[in-house]
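**Q** no sequence for this one, just the structure:
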C-alpha cells in the first residue's frame, strides 16, 4: 500500500459524494421549477381572489405553505438521490489505515496484528471490573503486538448507557449517554502482582470487587498529596500496594495522568496491567475526503498514538522484573 493508493481511494469516495450532490441539486432545481412554476401560473389566473387575502395572516399562511412544500420536496428528492456510498467509504478507510496505521505500527512493534473492524471483546473488560460496560458496547481498531518484550493489545472502545425518560405528557423517550469513549490497553509483562489494585481518576469513585474472589477492594491513600488529589487507589492489601506505588512509579503515573487530563484508569492483576483512557477520542479515523491528505500531518498523529504505548512501557518500566 502506497500513499498514492490512499489518495486514489479518497478521490473515488469524494467523486461519488460530489456526483450524488450534483444529481440532487439538478433534480431539486427541476422539481422546484415545475412545482412553483405551476403554482405561479395558477396564482396569476386567480390574482383577484388571492389579493383579497393579502393581509398579514394571509401572507404568513402563503409563506408557511411554500416552506412546507420546499421541505417536503427536498426530503423526497434526498431519499431518491441518496445512493449508497458504503463501498467507497470502506475502501478509503481500509487504504488509509493500511498505509498510515498498520505500516507505522509495524516499524515500531513486533509480532503486529491489526484489524480496523475488530475490537476487544466485551467480556475482557467485564472480567476486570475496571470499566462499566454499559448497555451498548462498540469496539474497533484492534492492535496486538510486542514492544521491548512486553506484549500488549489495544482497541478503541465506545460504551453507552440507555435511559428511559418520561416527558410532561407522560410519553416515554429513550436517551443514550456516552460513559466511556477512548482506548483500552492491556499489557502483559514480567512482573507479577499477588493482589488486585485499581487506580482511577478522582471523581469516579465507586466500589470495586475482585471478580474472582468477590472480595471488596479498600481505599488506600499514598504518601503523595498531589497524587491523592488526582487519583483514587483501591487494593486488596493496603500494605503490599506500597511496594508498587513507590515515589518513582507515582511520578510516572502522574505524568500519564497529566497527558490525558487525568481521564485514565489502571487495573493491576497478576502479570497484566489494564488501562482505560477515557479521552473522548476515536483514534485512527481518516480525515474528510473532500480535501487532499496531508501525509506528514497524518503520520505525526499516528506516531503520537504509538507513543501512548511506548511511553507507558518506558515510563512504568514494564519490561523490567
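**A** Perfect, I can see it now. Remember, it's a predicted structure, so these values are computed and weren't measured experimentally.

**Q** And the longest helix belonging to the chain, what does it pack against?
**A** Longest helix in the chain, counting residues (DSSP state H): helix 3-45. Judged by 3 or more Cβ pairs under 8 Å, 6 or more residues apart in numbering; DSSP states H and E, helix 3-45 is in contact with helix 56-81, helix 86-96. Where C-beta positions appear, they are placed from N, C-alpha and C, glycine not excepted.

**Q** how about a cut-off of 10 Å?
**A** helix 47-51, helix 56-81, helix 86-96, helix 295-315 (3 or more Cβ pairs under 10 Å, 6 or more residues apart in numbering; DSSP states H and E).

**Q** can you redo those as JSON lines with mean neighbour count, mean pLDDT and distance to residue 189?
**A** JSON lines is the format used below for the helices and strands packed on helix 3-45 (neighbours: other Cβ atoms under 10 Å; pLDDT from 0 to 100; distance: least, Cβ to Cβ, whole Å):
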{"stretch": "helix 47-51", "mean neighbour count": "9", "mean pLDDT": "60", "distance to residue 189": "81"}
{"stretch": "helix 56-81", "mean neighbour count": "12", "mean pLDDT": "70", "distance to residue 189": "53"}
{"stretch": "helix 86-96", "mean neighbour count": "17", "mean pLDDT": "86", "distance to residue 189": "32"}
{"stretch": "helix 295-315", "mean neighbour count": "16", "mean pLDDT": "86", "distance to residue 189": "8"}
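
**Q** Same list (these) but as CSV, adding distance to residue 27.
**A** Converted to CSV, those look like this (distance: least, Cβ to Cβ, whole Å):
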stretch, distance to residue 27
helix 47-51, 29
helix 56-81, 5
helix 86-96, 21
helix 295-315, 36
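
**Q** So which of those helices is nearest residue 170?
**A** Closest of the helices and strands packed on helix 3-45 to residue 170 is helix 56-81, at 28.9 Å (criterion: Cβ to Cβ).

**Q** Tell me the buried residues in the strand of greatest length in the chain?
**A** Longest strand of the chain, by residue count under DSSP state E: strand 172-201. Within strand 172-201, the residues scored as buried using 16 or more other Cβ atoms under 10 Å are 179-187, 189, 191, 193, 195-201.

**Q** Give the pairing partners of whichever helix or strand comes after it; include direction for each.
**A** As assigned by DSSP states H and E, the chain's next helix or strand after strand 172-201 is strand 218-220. Looking at strand 218-220 with DSSP bridges, its partner strands are strand 231-235 (antiparallel).

**Q** what angle sits between the strand it pairs with and strand 172-201?
**A** Angle between the axes of strand 231-235 and strand 172-201 is 80 degrees (criterion: axes from the mean of the first three to the mean of the last three Cα atoms, to 10 degrees).

**Q** quick check, distance from the helix or strand just after strand 231-235 to the centre of its chain.
**A** Using DSSP H and E, the helix or strand that follows strand 231-235 towards the C-terminus is helix 241-244. Distance of helix 241-244 from the chain centroid (Cα atoms, centre = their mean, to the nearest Å) equals 34 Å.

**Q** repeat for stretch 104-120
**A** With Cα atoms, centre = their mean, you get 18 Å for stretch 104-120.

**Q** Can you list the buried residues in that stretch?
**A** Within stretch 104-120, the residues scored as buried using 16+ other Cβ under 10 Å are 104, 105, 109, 114, 116, 119, 120.

**Q** before we move on, back to that, so which of the helices and strands packed on helix 3-45 comes closest to residue 224?
**A** The closest of the helices and strands packed on helix 3-45 to residue 224 is helix 295-315. By Cβ to Cβ, the value is 16.1 Å.

**Q** could you give the angle of the closest one to helix 86-96?
**A** In terms of direction (the same axes, to 10 degrees), helix 295-315 departs from helix 86-96 by 60 degrees.

**Q** Which elements pack onto helix 295-315?
**A** Helix 295-315 packs on helix 3-45, helix 103-106, strand 136-147, strand 150-166, strand 172-201, helix 247-259, strand 264-277, going by 3+ Cβ pairs under 10 Å, 6+ apart.

**Q** now these as JSON lines including mean pLDDT?
**A** Converted to JSON lines, the helices and strands packed on helix 295-315 look like this (pLDDT from 0 to 100):
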{"stretch": "helix 3-45", "mean pLDDT": "82"}
{"stretch": "helix 103-106", "mean pLDDT": "86"}
{"stretch": "strand 136-147", "mean pLDDT": "90"}
{"stretch": "strand 150-166", "mean pLDDT": "88"}
{"stretch": "strand 172-201", "mean pLDDT": "81"}
{"stretch": "helix 247-259", "mean pLDDT": "82"}
{"stretch": "strand 264-277", "mean pLDDT": "83"}
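
**Q** Show me which of the ones you listed has the highest average neighbour count.
**A** strand 264-277 (a mean of 21; mean count of other Cβ atoms under 10 Å).
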